[in-house]
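**Q** just coords:
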């Protein structure tokens, strides 16, 4: 019997409820190699390497890159179509962050509750597309520039509006995703 690894949740008591779940289904962990001993690399320090460093699936990395390409292009296109004059509310950044929050929440609910298991959809859309579409650094830069140029109230309002709109978009994305899941479940009956 394999020794439990203290690094894996639920594994410390011999295999609890969480011990059977993958930490990240897109990465191969030490838990995966315990069930597939042929994949275990030989050597005296192999166990330490397996526990600390997951094996990266390069196809998942490629899925993130493809999603990031399209997310970056979308953000760039919004910025070109809706430039922000100095000292005004940065609507383009506000839009991409709010849409990105909605899309991420919707995609994650659909991936987890509606769609069949997939290896590439979550990294492509969640990490890649939404990660490149949304931009916290631009929010921070816009707030800093607005405040530095004497628009403190606008900077504070923009920051508050961004956080509020992001939370509202996530909530709405989850509601829409769960509604789709419920309708699909009802259709199966």
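**A** Structure's in. What do you need? Keep in mind the model is a prediction, meaning the values are calculated, not measured. Numbers count the residues shown, from 1 in each chain.

**Q** tell me the gap between the top helix by length along the chain and the middle of its chain.
**A** Longest helix in the chain, counting residues (DSSP state H): helix 152-188. Distance, stretch centre to chain centre, for helix 152-188: 15 Å (C-alpha atoms, centre = their mean, to the nearest Å).

**Q** and stretch 97-113, by the same measure?
**A** So, by C-alpha atoms, centre = their mean, the centroid of stretch 97-113 is 9 Å from its chain's centroid.

**Q** kindly report the same for stretch 149-158.
**A** That offset, for stretch 149-158, works out to 29 Å (C-alpha atoms, centre = their mean).

**Q** pull the residues that contact it.
**A** 86, 87, 88, 89, 90, 94, 139, 142, 143, 144, 146, 147 (C-beta atoms under 8 Å, 6 or more residues apart in numbering). Where C-beta positions appear, they are placed from N, C-alpha and C, glycine not excepted.

**Q** can you name the residues that contact the fifth one?
**A** This points to residue 90. 84, 138, 142, 158.

**Q** take those residues and keep only those in strands.
**A** Using DSSP state E, no member of the contacts of residue 90 falls within strands.

**Q** quick one: the helices in the protein?
**A** Using DSSP H, helices in the chain cover 30-35, 46-52, 58-81, 91-113, 121, 130-133, 136-148, 152-188.

**Q** just those helices: most buried one?
**A** Most buried of those, by mean neighbour count (mean count of other C-beta atoms under 10 Å): helix 130-133, with a mean of 22.

**Q** just checking, what packs against that one?
**A** Counting by 3 or more C-beta pairs under 8 Å, 6 or more residues apart in numbering; DSSP states H and E, the packing neighbours recorded for helix 130-133 are helix 58-81, helix 91-113.

**Q** need the ones you listed in TSV with mean pLDDT and distance to residue 172, can you?
**A** Converted to TSV, the helices and strands packed on helix 130-133 look like this (pLDDT from 0 to 100; distance: least, C-beta to C-beta, whole Å):
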stretch	mean pLDDT	distance to residue 172
helix 58-81	95	19
helix 91-113	95	6
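
**Q** got those as CSV, with distance to residue 154 columns?
**A** Below are these laid out as CSV (distance: least, C-beta to C-beta, whole Å):
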stretch, distance to residue 154
helix 58-81, 19
helix 91-113, 12
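
**Q** this structure - how does it break down into domains?
**A** 1-56, 58-188 (automatic domain parsing).

**Q** going by mean pLDDT, which of those domains comes out lowest?
**A** Ranked by mean pLDDT, these end with domain 1-56 at the bottom, a mean of 52.

**Q** closest to residue 119 out of the helices and strands packed on helix 130-133?
**A** Shortest separation from residue 119 across the helices and strands packed on helix 130-133 is recorded for helix 58-81, at 6.5 Å, computed as C-beta to C-beta.
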